[in-house]
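1. Quick one: sequence and predicted model below, then my questions.
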There are 2 protein chains.
Amino acid sequence: METNGFTSLNSGLWLNAPAVIGVIGLFFAIFFYFRVKSLPEGNETMNRIAGYIREGAMAFLFRQYQTLAVFGAVVFVAIGFALGWVPAGAFLLGAILSLLAGFVGMKAATYANVRTTQCARSGNKPNTLLVALDGGAVMGLSVAGLGILGMGIIYSTFRDAANFSNIIHAFAVGASSIALFARIGGGIYTKAADVGSDIAGKVIENIPEDDPRNPGVIADNVGDNVGDVAGMGADIYESMIAAIVAAMAIALTAPGNLLPSLVAAGGETENRFAGVILPIALSAIGVVVSIVAIFIARSLKAMNPAMVLRLALIFPPIMLGLASFIMMPLWGITQGVTISVVAGAIGGAIIGLVTDYYTSSTPVARVAEASITGAGTNLIRGLAVGMESVAIPMFVVAAVAWIADHYLGLYGIALSAVGMLGGTAVVMTVDAYGPISDNAGGISEMSGLGPEVRAITDELDAVGNTTAAIGKGFAIGSATLTVVALFSAFNMEVNHARSAAGLPDVQLLITDAKVLIGLLLGSILPFIVGASTMLAVGKAAGAIVEEIRRQFREIPGLMELKAEPEPKKIVDIATKAALSEMILPGLVAVVVPPVVGYLLGPAALAGLLAGSLAVGATMALFMANAGGAWDNAKKYIEKGNLKGYKKGSDVHKNAVVGDMVGDPFKDTSGPGVAILIKVMSVVSLLVAGLIALR
Amino acid sequence: METNGFTSLNSGLWLNAPAVIGVIGLFFAIFFYFRVKSLPEGNETMNRIAGYIREGAMAFLFRQYQTLAVFGAVVFVAIGFALGWVPAGAFLLGAILSLLAGFVGMKAATYANVRTTQCARSGNKPNTLLVALDGGAVMGLSVAGLGILGMGIIYSTFRDAANFSNIIHAFAVGASSIALFARIGGGIYTKAADVGSDIAGKVIENIPEDDPRNPGVIADNVGDNVGDVAGMGADIYESMIAAIVAAMAIALTAPGNLLPSLVAAGGETENRFAGVILPIALSAIGVVVSIVAIFIARSLKAMNPAMVLRLALIFPPIMLGLASFIMMPLWGITQGVTISVVAGAIGGAIIGLVTDYYTSSTPVARVAEASITGAGTNLIRGLAVGMESVAIPMFVVAAVAWIADHYLGLYGIALSAVGMLGGTAVVMTVDAYGPISDNAGGISEMSGLGPEVRAITDELDAVGNTTAAIGKGFAIGSATLTVVALFSAFNMEVNHARSAAGLPDVQLLITDAKVLIGLLLGSILPFIVGASTMLAVGKAAGAIVEEIRRQFREIPGLMELKAEPEPKKIVDIATKAALSEMILPGLVAVVVPPVVGYLLGPAALAGLLAGSLAVGATMALFMANAGGAWDNAKKYIEKGNLKGYKKGSDVHKNAVVGDMVGDPFKDTSGPGVAILIKVMSVVSLLVAGLIALR
């Protein structure tokens, strides 16, 4: 037998390796947490402002937890009664780990922001980069560490349970639903505060960004944390879990003849076992290489920050591919696995580069130029750039799927998503680094620390904007691959339940009217989420503008810096709006799949997923990249790159209009739509058995 | 036998009835053409201006014909070699009839515009309505008459040919490809001229709309004709043909067990025959009731114009349903046909009403209000309204499909599209009425005829805007139903070719990686068409602005009305831009399906269609309705409905930005995307047999 290497994988040591690696990841997260906390936190004003931000962010998180507790309890009970209490427990575990990662990561980010400002006062840019990076690493390693720990525990505890597939689906639903609410709620908060403060401050009262007199600035900085740290973290955590679960689900439920041949000379049992363990093993390797990548990036701190972060992002997928290439033969596993993983990793890198191009290069210059003839032409151009930017990433995803399918079928597609997410910990580190630097700049401005401090934080922040765009590309690409892979898992679950009831298999034909009707219905959902989140931002921003104007009107001496604003009132408005407005889009994702499945049957539900996938993936890319292009076109003019037009000119004001539209596009609706398609897929997978007989 | 009534349908008289009804429709078209031409055409200035418009419109049409001749020749030869010369001839016939309808209709519209102005000078509003309506009726009856005549001739000549299904597919491809280029080319022309003249005139030179000094105004008025008359006409003609062909294709190729039971006590032969003839027969009845509706509308000319046009739109579907209800039993045919037709007709009416709501009611007031806080909030709100407006129409289409499928399967869905298009002639009459009234207003302004003339034309024009939005709803709804129905026809064609080659059937499973990869690729295409058309409008509008500024700079005395502008130069820029920029999006629709089918096989092609359907239908609704809402929000402020803000105020200027973005959204990209999905479907149907073995 050639399966010796493989057999060793099936021993106790290897089985617990993922959980152990998860714990190692968490160990480093704690290490960075205490390192950041031990740094000097600057003067009293800086501390007061940072305190406001931390307090606002934590208050939002706790109030969000209260809302989610109600939702979680209802779903827990529903799953408990419908599928049993072990899956219900797995759901809770998936959800709680997500909340925990968000809590720890955001706490660290709200310590790191002011310490980054303080370090920038010393003028030492490399060390300042390090503070922000270490702050982000807490989030990055918490997300990846808790994710792999959770999956590892679930796997080693329940792998022999008859309802193991229900248990992992429920775990994924827990992760997804928290991600959904965290992303949408955080997205509404951050953009309502941003747009509201901008309109009131820059446009109406004519004071600069981050001016300490503007009562909305604290909320704006809180928003960076709840949206771009906590929201993004939950999103990436969910992506990783969903990709792993998609691959596991296919390996668990595929009929013998559809199971890819993974183990050289192995039979169905070996292939199934390898199929289940591989996505966890690969993700665990991803955590290890990510930790290495973070330390390499730290050692390069003296280099150009943009280069440091790009290297950090590129390193883990390459190392994961290399590790897979070496280890698969040792375990007697086909190199088709490595090919799928590498295809996903390279695809992710290409998507990131394309996103970078559309949100920073020639297209941005064109959007900026279009501002010369008016806000209307700026908007037309930005929308066109966003639409155009959809093509290559979707094509790349299709090509990755094609390659992976060629070697390992739909299972390979799921593995390619795992490969694309190999560097999750680093992606999240870099993503959280962005808002920390942004906050650092805000604290510097509000504390009146002078332009040389701001210059350092601004440079770090600018790099963060580009890497954030790259991170979004990874997230949407991997989401699309994951959802594609989940289709077959869904169909297998349905047919599994049907054969248990003595019924024939359903064939999900695209020529079936029910599938097509589902397709039409599914294509609506991203638009409902898009519309409701755009409206939510618009409404909440309006309320914030009113409150800021009230404060300038009613607080004597505010404009003259003789009185303090009341930032907590703005924080309160943003919090309430975000929490109430996140409910409708959140429920759409969770409630529609079981309802459609129950009323119209599994064929319509499959069509629903296909329709929302096609529309959701493209709309998410369109909105994210159009928003990024508008944002950077405005900055392009501010930097004086456009024929001498300056900040404050009419041309710049035209570009500000585009940026304002782009804000909810890229940070609320786009991410909300992207996560919608993932949540719908895992919810459908969970209810597949229940609606299979409809 | 109970099939006596049915057998009579199979006799020579009935077989030629559609062609005869087509000729009757054309007779009335000619009647209205000469009636309009015989009316007085006003003073010398009016005539000169109308002459410019007519000349510009006809010049565009002829230059477009030259471009299309090359395209047509290539496709003709390709079809000839691949499928035979009879299908190639059918392709040409489908294309030439479309061009003929466009030519006659636009000629009539460019006579009717100035005669409408002249009639308005008499102050007689009812008669003025009549002139515009009669002008539109030429287009409406040409489109429907030529459509049904062409289908009738093809049917009665080739119905026993072995390759009859190839022949009708090729006919549909001819109609579709002309529609695609006419719609996209016309859409780019009209919005480039509109946006370009607006920016140069209103924003830069600060002169009113339609001011005779602005050299772009003639091109703007030409654009109304080439976009909203010729482009829209080709689109509606294509919709009608595609719906008929979809139903016929299913009836021709469905295996016996999937053929709906249409004829009471009839066998497979009777059902197949009835399935083929019914869509033509129903469309012919639609032409008859449309003619009646036009005369009823004419007799009500003294009523409120909005009411007259709404009644005209509602009458044909009701009458068609009634006629079907009476005639189906006479022919021994199941009332499932009537139910499908009526479901389509009612669905179309609901979609029209919903479109009307989103582009004229509360949502518009909200968009207008959002202009108070800036152009950014106006845009955010408009985008949200557009996104929200997608839900109900798509839901209605799904419900119609559900009902029709319940009675007659996918064949029923095709019939529901035929039902929705029952009033094609009236829809097109009303659609062409809009630009005629709009032109009439422009001619009045440019000829300096005074405000009382403009008041009448403005009132007629405003009604036209609403009915245009309703027409777009019908077009997108019927397109979606048609494409849904075409899926099964496509699959049947593929399997037909495979079984002829001794190969097993392909099952188009949504869990097949190839179908899903096709879905991802298909979801890109509407964005490519959207991006390229938005960019085309932006670029061409920029060139027009430059030329207008040059004329104001270089023609001495132009601003003081002492010199004439050079409108032909603008017409030339718009023409060239439209013709060169229509090629890329046009080729995407025609070339991508065969290429994907050839390289990746029929499963990927089916997925491609599904992806482009989901994205295309929703994006088309989103763009059309967001554009309509912005347009009317601007008008809402101009009418003084928003807290006293007036035309020219900052708030109004903010709303103008939204309107400018909405222009290419609603009149170029939205319709372009809608037609893309239809063209792709019929092209796929045509090539199905050729790529079936891949």
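-> Ah, there it is.
2. Can you pull the residues of the stretch 51-200 of chain A lying near chain B?
-> Along the stretch 51-200 of chain A, the residues adjacent to chain B under the rule C-beta under 8 Å from any C-beta of the partner chain are A:Val195, A:Ile199. Every residue, glycine included, has its C-beta placed from N, CA and C.
3. residue in the stretch 51-200 of chain A nearest to chain B?
-> Distances between the stretch 51-200 of chain A and chain B by C-beta to the nearest C-beta are smallest at A:Ile199, namely 5.9 Å.
4. Just give the number of residues close to that residue.
-> Neighbour count of A:Ile199, defined by other C-beta atoms under 10 Å in any protein chain shown: 24.
5. Can you verify my assumption that it contacts A:Val545?
-> Yes: assessed by C-beta atoms under 8 Å, A:Ile199 is found in contact with A:Val545 at 5.1 Å.
6. Can you work out which residues contact both of the two?
-> By C-beta atoms under 8 Å, 6 or more residues apart in numbering or on different chains, A:Ile199 and A:Val545 have these common neighbours: B:Thr373.
7. Enumerate every residue touching the residue of the stretch 51-200 of chain A closest to chain B.
-> With C-beta under 8 Å, 6+ apart, A:Ile199 has these contacts: A:Ala541, A:Val545, A:Met660, B:Thr373, B:Gly374, B:Gly376, B:Thr377.
8. So which of those is the closest to A:Ile470?
-> Taking C-beta to C-beta as the measure, A:Met660 is the one of the contacts of A:Ile199 closest to A:Ile470, at 23.3 Å.
9. any weak-confidence spans in chain A?
-> Filtered on pLDDT under 70, chain A yields the residue ranges A:1-14.
10. Strands of that one, start to end?
-> Per DSSP state E, chain A carries no strands over any range.
11. Report the central residue of it.
-> Centroid-nearest residue in chain A: A:Asp235, 3.4 Å away (criterion: C-alpha atoms, centre = their mean).
12. That residue reaches A:Gly185, doesn't it?
-> No: between A:Asp235 and A:Gly185 there is no contact under C-beta under 8 Å: 11.9 Å.
13. Pull up the overlap in contacts between these two.
-> Residues touching both A:Asp235 and A:Gly185 (C-beta under 8 Å, 6+ apart): there are none.
14. quick one on the thing from earlier: go through the contacts of A:Ile199 and single out the one with the most neighbours.
-> Among these, A:Ala541 has the most neighbours (other C-beta under 10 Å), with 32 neighbours.
15. Now for it: which residues touch it?
-> Counting by C-beta under 8 Å, 6+ apart, A:Ala541 makes contact with A:Lys191, A:Ala192, A:Val195, A:Gly196, A:Ile199, B:Thr377.
16. can you do 7 Å?
-> Contacts for A:Ala541 (C-beta atoms under 7 Å, 6 or more residues apart in numbering or on different chains) come out as A:Ala192, A:Val195, A:Gly196, A:Ile199.
17. Can you tell me which of the residues you listed has the most neighbours?
-> Going by other C-beta under 10 Å, A:Ala192 tops those with 34 neighbours.
18. Show the contacting residues for it.
-> Neighbours of A:Ala192 in contact, by C-beta under 7 Å, 6+ apart: A:Val537, A:Ala540, A:Ala541, A:Ile544, A:Ala574, A:Ala577, A:Ala578.
19. The longest helix along chain A close to chain B?
-> Across chain A, the helix with the greatest residue count (assigned by DSSP state H) is helix A:451-500. Yes: contact of helix A:451-500 with chain B (C-beta under 7 Å from any C-beta of the partner chain) involves A:Thr480, A:Val484, A:Phe487, A:Ser488, A:Asn491.
20. Output these as a markdown table; include the columns distance to B:Tyr155 and neighbour count.
-> As requested, the residues of helix A:451-500 next to chain B are exported to a markdown table (distance: C-beta to C-beta, whole Å; neighbours: other C-beta atoms under 10 Å in any protein chain shown):
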| residue | distance to B:Tyr155 | neighbour count |
| --- | --- | --- |
| A:Thr480 | 44 | 34 |
| A:Val484 | 42 | 32 |
| A:Phe487 | 41 | 29 |
| A:Ser488 | 43 | 27 |
| A:Asn491 | 41 | 24 |
